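Chemist: Give me coordinates for this.
(chains A and B)
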Protein chains: 2
Amino acid sequence: MIELDAPGAGTLEAIGSPAELRALSPAELHVLAKELREFLISSVSVTGGHLGSNLGAVELTIALHRVLSSPEDTIVWDTGHQAYVHKLLTGRASQFDTLRQPGGLSGYPNRTESEHDLVENSHASTALSYAYGLAAARRLSGDPRRVVAVIGDGSLTGGVALEALNNIGASKARVMIVLNDNGRSYAPTVTAFSSDRARHAFFESLGIAVLGPFDGHDVSVLDDALRVAADRLGPVVVHVRTVKGCGYEPAERDEDKCLHDVAPFDPRTGRARHRGARRSHTEAFGAALLEEAAARPELVAVTAAMGGPTGLNAFRDRYPDRFFDVGIAEQHAVNAAAGMAMGGLRPVVAIYSTFLNRAWDQLYYDVGLHRLPVVFCLDRAGVTGDDGPSHHGVLDMMLLSKVPGMTVLAPSSYEEVGVMLHDALRILDGPVAIRWPKSEARSEPAVGTGLGARRVRGGRDICFLGVGKLVAACEDAAGILAEDGFEATVWDARCVVPVDQRMLDDAARHHVIVTAEDGVVDGGFGARVAAAIRQRVGPVGPCTVTAGVPSTYLPHGHASQLLVDLGLDGRGLARTALERMRAMDRH
Amino acid sequence: MIELDAPGAGTLEAIGSPAELRALSPAELHVLAKELREFLISSVSVTGGHLGSNLGAVELTIALHRVLSSPEDTIVWDTGHQAYVHKLLTGRASQFDTLRQPGGLSGYPNRTESEHDLVENSHASTALSYAYGLAAARRLSGDPRRVVAVIGDGSLTGGVALEALNNIGASKARVMIVLNDNGRSYAPTVTAFSSDRARHAFFESLGIAVLGPFDGHDVSVLDDALRVAADRLGPVVVHVRTVKGCGYEPAERDEDKCLHDVAPFDPRTGRARHRGARRSHTEAFGAALLEEAAARPELVAVTAAMGGPTGLNAFRDRYPDRFFDVGIAEQHAVNAAAGMAMGGLRPVVAIYSTFLNRAWDQLYYDVGLHRLPVVFCLDRAGVTGDDGPSHHGVLDMMLLSKVPGMTVLAPSSYEEVGVMLHDALRILDGPVAIRWPKSEARSEPAVGTGLGARRVRGGRDICFLGVGKLVAACEDAAGILAEDGFEATVWDARCVVPVDQRMLDDAARHHVIVTAEDGVVDGGFGARVAAAIRQRVGPVGPCTVTAGVPSTYLPHGHASQLLVDLGLDGRGLARTALERMRAMDRH
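Modeler: Numbering: from 1, shown residues only, chains lettered A, B, ... in the order given. Next up, the predicted model:
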């Protein structure tokens, strides 16, 4: 067990570069591992971050850096949130208190931070393909430097990883695959392997040798294993058994997620210092789903290894037969839901907005082409925050609006989540997506059913058309403008696709229309509104300004601050409207 | 061997429903198989279509319909172009002369054609997920009807199929998987399996039983095997060995593709009646790639099992070490290219436009986020034709334009393909996509290098901004308008993203701007032009009309006719421009 009062970072502080790890004695390595855990717990308890997977990867990371010579040898971290120890051992301990803070260290590898980092994308299952590509480049030039991919057993259920395995086996690429097997992704891994023997037979059938399993918390065992693997000229899996949350009792005890990702917490107990967003959209969904499920025996829920964070745990406990965790496998989740719908079920697919990108082809050509009644419930939609560019959910509306026949809904309150889920199941007979942000949901008890937009404030000069959580920002903007003597109308669009024609009719009566969405502007809600308004009133009608997210990679940071930076808060939207009003006056 | 003079369709004609197959004697089945092959060869020699895979699936399809009771039992055909025999045995022989013709039978299963058809999407590797979803629905309701997925060994390299296998094994779903193993996708299958034993160990490691291998051209053997498999309550693979093109010597002899897909041909020789598009864009690419490769040793080519049809065969023969066929695995192809680029190579990924949809996540979060110099060469871009909704390449510009830092080029001539490839490698340091259609390329020897747009005709009233092959249609439209006394400018946009500012400046001087693209309008090139023009000149500037493809699923048909139907030929574009000119006059 960790003694949290121990003075931290004696050995850790002395590590100037990963090469110095080789000089440490077994006793010193033991101390180092202990210090790393203390450091992780202490630091992440303040900043928040990914904890469980990093506590499990302490000895493995030490051993990797002892055996390999990074950055000459390349270590590719799959799902980079397991790379904290790698960061600490490559010179970033002193900056670790800035983890995931605006302008601070990324929660993932980052090429601007260190020459030891390569892959910034934090979507799972990609490391083997990168490693294959790097190994192909080195083979062509006769470069003997090694390529190592560190991948969890959970990530190995993802299609792109499996595609890569086939190619690695077929080509005999010189890739060392370190299988960090802790039996989990976020949730326990959905696996067909009934034993280590089956797992090893799987790799061997693909022409990939397997070493192990090895104790992932014994540096000297790992040293030996990695050294043997590093000498091989063909592909090899080093099967390492680790314990997620290892060495920190609150994490090991947390059966649901092993403190996978945490907000700031009390390091003595592992308990969050503040309760998470109360009355979140996720909570609203979880509660509404139970109600719908009781009334509809044909309703089933599908998740790609994220049942807990998408709000499905209560449903899973109540209806285990109707709960389908398919593993980290978004493409299959969507296609399987298509099959379920063809079989008469009403599948609700709960997924993070950003991970839906993996299943674009299936959305368009499987669910969409067959006009199937699948309901997609997208959590973490919009500007999301801590996890940086590959976790913002800013593409969903742009993509979903291109799927013929797709209805896209965005609730602006806790209550509306349930109303929209109900309508999606009751009114609609084709695919529907409902998208909401991570943030706390406001309360709006008076919301009625139906897909129409809702006029929440009347005015004369400016018309705001807001989507989801930005409706509140539009209302703030209208309040600010009122102080300047401008009257603003505010609509809650509610139905992003198709756009409510009554809302457009009303908007067209204003001088300036400002659309506000927490998704990319190009090809988004506002762009469709602007096109519809032009078609409706011709070139002499009102001017439409589309506020939203530009086509760039947004950094990590606090969601609310990022929205301010993008001009998507009340002040920013008021400023945008005023500028346009003044420009109109000049004409 | 087939005797092509034999009187066709005696037994076949007598088959009213698949159930009647059960009453046939072995001798009658033999005659039926022969008749089916004669029918396929004779009919496809007139209409064109997919031949090799269907000749290989004759006995397998007969046996499936003898053992199962379709449509109560469900047969899901992966990559539905192997379902011709299924169509013939389910009442569609008399319409087979309309195959892939406008308004005629689809080249894939189609739910409006028959209750025996389920999945219309023709992208590979999806059948196992559909089958899993259907089996889950039947298990929940205690429905004993069987679910069978027929999938080729080539399709099994696709990630979504592998995701499904893991889930099927883990859940012990009652899915019968018929592995139609002919050793090929379009090209020979990229496989890590060195033997049947390895292949079977692979399935068994995932908890899926394996029967076989069986002779896929012996109906009685298949009957027995399928009957045993049909009785199982858990997942089972029936491994069936077939010969692509079986029974037709020209197909069996065609080593490159076994007459995979054919234009109308002489059934006696297997030779096409007309040579394919001469001086196609694909040919231009193949030739240009060889030139670039000679000058750049770091250039490598990547294909997802489609090296031949994307023009890579000459490159493969000349530079086998620099040619990477990764299997039907678009996600991995793109991620592997990202790794290669990180390793110092300059990968050129040649892929059909429609199949790039599979790799959207990798495009955006792997290649784009890391700003890697990967060149995507997209064949079959735009309205493509025979293969229907899931083969039109109408989404690429919409998607690619959302990837920050991506440059998108569209050649309008044979020569420009090479110029653009050269520029992509010479000028640009980030990701680039070059997209071209299947149709014959016109010649334009005077094209220079550089990414700028090209003004091909000057006028005063109307300004056409054309993309790729639609530049020719814009020129036709300008000619037609000249007869009506209107002067039209025509620009070849060349660089779809970013849009050339000089072109926008010039366009803004006209009354009406008409953009023309063979991709979806919503979120496409024209939408970005319209937004840029509005931003440039304000609401009182010229009126922009965006001509392109609506957000619907386009049917199969001849590409040129589909373009006419969409108003994307010269007459249609002239009409659009005139209507808008007249509407402007009325204001």
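Chemist: contacts and neighbour counts: CA atoms only from here.
Modeler: Noted.
Chemist: List the contacts of the longest helix anywhere in chain A.
Modeler: Of all the segments of type helix in chain A, defined by DSSP state H, the longest one is helix A:26-47. By C-alpha atoms under 8 Å, 6 or more residues apart in numbering or on different chains, the surrounding residues in contact with helix A:26-47 are A:2-4, A:8-12, A:50-51, A:54-55, A:58-59, A:85, A:96-101, A:219-220, A:247, A:262-267.
Chemist: Are any of these buried, and if so which?
Modeler: Among those, those that count as buried by neighbour count (16 or more other C-alpha atoms under 10 Å in any protein chain shown) are A:8-9, A:11-12, A:50-51, A:54-55, A:58-59, A:85, A:96-101, A:219, A:247, A:262-265, A:267.
Chemist: tell me the contacts of A:G466?
Modeler: With C-alpha under 8 Å, 6+ apart, A:G466 has these contacts: A:C474, A:V490, A:W491, A:D492, A:A493, A:T515, A:A516, A:E517.
Chemist: element containing whatever residue of the stretch 401-550 of chain A ends up closest to chain B, please.
Modeler: When C-alpha to the nearest C-alpha is the measure, the stretch 401-550 of chain A has its nearest residue to chain B at A:G523, with 3.9 Å between them. Using DSSP states H and E, A:G523 sits in no helix or strand.
Chemist: Run a quick neighbour tally on it.
Modeler: By the other C-alpha atoms under 10 Å in any protein chain shown criterion, the neighbourhood of A:G523 contains 25 residues.
Chemist: Could you double-check that A:E415 sits in contact with A:T449?
Modeler: No. With contact taken as C-alpha atoms under 8 Å, A:E415 and A:T449 are classed as non-touching, separated by 10.6 Å.
Chemist: picking up where we left off before, tell me which entries of the buried ones among the contacts of helix A:26-47 lie within helices.
Modeler: A:T11, A:L12, A:N54, A:L55, A:V58, A:E59, A:V85, A:V219.
Chemist: of these, closest to B:A547?
Modeler: Taking C-alpha to C-alpha as the measure, B:A547 sits nearest to A:N54 out of these, at 52.5 Å.
Chemist: So A:E415 and A:T449 - more neighbours on which side?
Modeler: Neighbours were tallied for A:E415 and for A:T449 using other C-alpha under 10 Å; the higher tally belongs to A:E415 (22 against 14).
Chemist: mind listing what the nearest residue to the residue of the stretch 401-550 of chain A closest to chain B once chain neighbours are set aside touches?
Modeler: Distances taken as C-alpha to C-alpha, 6 or more residues apart in numbering or on different chains place B:G523 nearest to A:G523, at 3.9 Å, with adjacent residues excluded. With C-alpha under 8 Å, 6+ apart as the criterion, the residues that contact B:G523 are A:M398, A:D522, A:G523, A:G524, A:A527, B:M398.
Chemist: can you redo those as a markdown table with distance to B:V302 and pLDDT?
Modeler: Supplementary listing: these in a markdown table, determined by distance: C-alpha to C-alpha, whole Å; pLDDT from 0 to 100:
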| residue | distance to B:V302 | pLDDT |
| --- | --- | --- |
| A:M398 | 29 | 98 |
| A:D522 | 30 | 95 |
| A:G523 | 30 | 96 |
| A:G524 | 32 | 97 |
| A:A527 | 36 | 95 |
| B:M398 | 23 | 98 |
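Chemist: out of the residues you listed, which is most surrounded?
Modeler: The most crowded member of the contacts of B:G523 is A:G524, carrying 27 neighbours; neighbours defined as other C-alpha under 10 Å.
Chemist: Can you pick out the most distant pair from the contacts of A:G466?
Modeler: Using C-alpha to C-alpha, these reach their maximum pairwise distance at A:V490 and A:E517, which is 13.4 Å.
Chemist: I figured A:Y108 hits A:E120, correct?
Modeler: Yes. Under the contact definition of C-alpha under 8 Å, A:Y108 touches A:E120, with a separation of 6.2 Å.
Chemist: Overlap in contacts, these two.
Modeler: Once C-alpha under 8 Å, 6+ apart is applied, the residues that A:Y108 and A:E120 both contact turn out to be A:G80.
Chemist: Can you find the helix or strand in chain A with the smallest mean pLDDT?
Modeler: Least confident element among the helices and strands of chain A, by mean pLDDT, DSSP states H and E: helix A:10-14 (a mean of 84).
Chemist: Send me it as PDB with only the CA atoms.
Modeler: Below are the C-alpha coordinates for helix A:10-14, written out as PDB (Å, rounded to 0.1, in the frame of the first residue of the first chain):
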ATOM      1  CA  GLY A  10      13.400  11.400  -4.400                       C
ATOM      2  CA  THR A  11      14.400   8.800  -7.000                       C
ATOM      3  CA  LEU A  12      12.000  10.200  -9.500                       C
ATOM      4  CA  GLU A  13      13.500  13.700  -9.200                       C
ATOM      5  CA  ALA A  14      16.900  12.300  -9.900                       C
END
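Chemist: And it, what does it pack against?
Modeler: Contact here means 3 or more C-alpha pairs under 8 Å, 6 or more residues apart in numbering or on different chains; DSSP states H and E; on that basis helix A:10-14 packs against helix A:26-47.
Chemist: Strands of the stretch 101-250 of chain A, residue ranges please.
Modeler: In the stretch 101-250 of chain A, strands defined by DSSP state E, counting those that start in this stretch lie at A:147-152, A:176-181, A:209-215, A:236-241, listed in chain order.
Chemist: Ok, which of these comes nearest chain B?
Modeler: With respect to chain B, and counting by C-alpha to the nearest C-alpha, the nearest of these is strand A:147-152 at 10.5 Å.
Chemist: Quick check: mean pLDDT of the closest one?
Modeler: Per-residue pLDDT values across strand A:147-152 average out to 98.
Chemist: What of stretch A:244-262?
Modeler: 90.
Chemist: How about stretch A:370-389?
Modeler: The pLDDT scores in stretch A:370-389 average 95.
Chemist: for the stretch 251-400 of chain A, what spans make up the helices?
Modeler: Listed in chain order, the helices found in the stretch 251-400 of chain A under DSSP state H, counting those that start in this stretch are A:281-295, A:313-318, A:330-342, A:360-362, A:396-400.
Chemist: Including distance to B:V237, could these go into a markdown table?
Modeler: Below are the helices of the stretch 251-400 of chain A laid out as a markdown table (distance: least, C-alpha to C-alpha, whole Å):
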| stretch | distance to B:V237 |
| --- | --- |
| helix A:281-295 | 34 |
| helix A:313-318 | 30 |
| helix A:330-342 | 19 |
| helix A:360-362 | 24 |
| helix A:396-400 | 35 |
